[in-house]
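Colleague: Structure, please.
(one chain, ligands or ions: 2)
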Amino acid sequence: MENEGKNRRDFLKFGAVGVGAALLVSACGNNQTANSQINTAPGNTDKPADKKTPDAKEVTAVEDLMREHGILRRALLVYSEAALRLRKNPASVAPEALRKTAELFRSFGEDYHEKKLEEAFLFPLIKQKAAAGAAAKYVDVLVVQHNKGREITDYILSVTNAAKIGANAPAFADLLAGFARMYEHHAAREDTIIFPAWKELLSSAEYDELNDKFEDIEHAQFGEDGFEDAVRQIGEIEASLNLSDISQFTAAPPPAAK
Ligand SMILES: [Fe+2]
Ligand SMILES: [Fe+2]
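Modeller: Numbers count the residues shown, from 1 in each chain. Ligands and ions are numbered 1, 2, ... in the order given. This next block holds a predicted model:
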């Protein structure tokens, strides 16, 4: 659809007032933002010659990172649900489901999302260019949490080869819950502080280039359908634990007013 995504937002912002207003914004000084808007405003024919027209349906770099968080959050929900069940009845949790979750978290989260994207592109730029900003203060602890997560994933992989989660189930439940808690906070700060700060540091042309670069990295790592495969894998894990139907998680109503 022509008006989807960024083009749609730009249309809503500039459609009524036209390109002239966009140029005025540019002249007022916010060149990076305004240039992006000019380049993608529907009907604008004054694009710089060296700038390709963004595909309205292209998955941009931050959208890519955030939907990867969606996969990882679904893995964390598996861990959280497993932790609840392990405390009630350890035999009810098949270790295989947790092993597959840890394998997905390793390949899609730790080896790709964290190592190939965040640690290679986002964190170094934020540390270098925004050293005095709020986002830079997060980078060190985010790296510590990546490393702690890898340590915990190693452990989950090592103990889920057995047929059952045995006598250590309560401690294992605490470990899964602790991992989920850490990474929920981690991903939420990245979504709201790190990703916007990183995008702000890039020019429109640099960001556009990185949209393609991230796609290339994903294809090199997983082939054509990395994200779709990850969606399928987490869906299968959820199904094996009867977590597919999200209506079971609709909250109970509040108590009746007195
Ligand atoms: Fe991260
Ligand atoms: Fe992340």
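Colleague: From now on I want contacts and neighbour counts done on CA atoms only, so please keep to that.
Modeller: Will do.
Colleague: Tell me how far K115 lies from G149.
Modeller: Between K115 and G149 the computed distance is 12 Å (CA to CA, to the nearest Å).
Colleague: Between those two, point out the one with more neighbours.
Modeller: Remark: of K115 and G149, G149 carries more neighbours, 20 against 15, as counted by other CA atoms under 10 Å.
Colleague: how far away is that one from E68?
Modeller: If you measure G149 against E68 using CA to CA, the figure is 16 Å.
Colleague: What distance do you get for K258 to S107?
Modeller: Counting by CA to CA, the gap from K258 to S107 is 52 Å.
Colleague: For the longest helix along the chain, enumerate the helices and strands it packs against.
Modeller: Secondary structure of the chain per DSSP state H: the longest helix is helix 61-88. Helices and strands touching helix 61-88, by 3 or more CA pairs under 8 Å, 6 or more residues apart in numbering; DSSP states H and E, are helix 95-104, helix 169-189, helix 204-222, helix 226-240.
Colleague: so the third one versus helix 226-240, what angle?
Modeller: Orientation of helix 204-222 against helix 226-240 (axes from the mean of the first three to the mean of the last three CA atoms, to 10 degrees) gives an angle of 50 degrees.
Colleague: Now do the buried residues in helix 204-222.
Modeller: Using 16 or more other CA atoms under 10 Å as the test for burial, helix 204-222 gives S204, Y207, D208, L210, N211, F214, E215, E218.
Colleague: Pick the one among these closest to P95.
Modeller: Using CA to CA, E218 comes nearest to P95 of those, at 28.8 Å.
Colleague: and that closest one, what does it touch?
Modeller: Y112, E224, G226 (CA atoms under 8 Å, 6 or more residues apart in numbering).
Colleague: how close does it sit to G149?
Modeller: Separation of E218 from G149 (CA to CA) stands at 21 Å.
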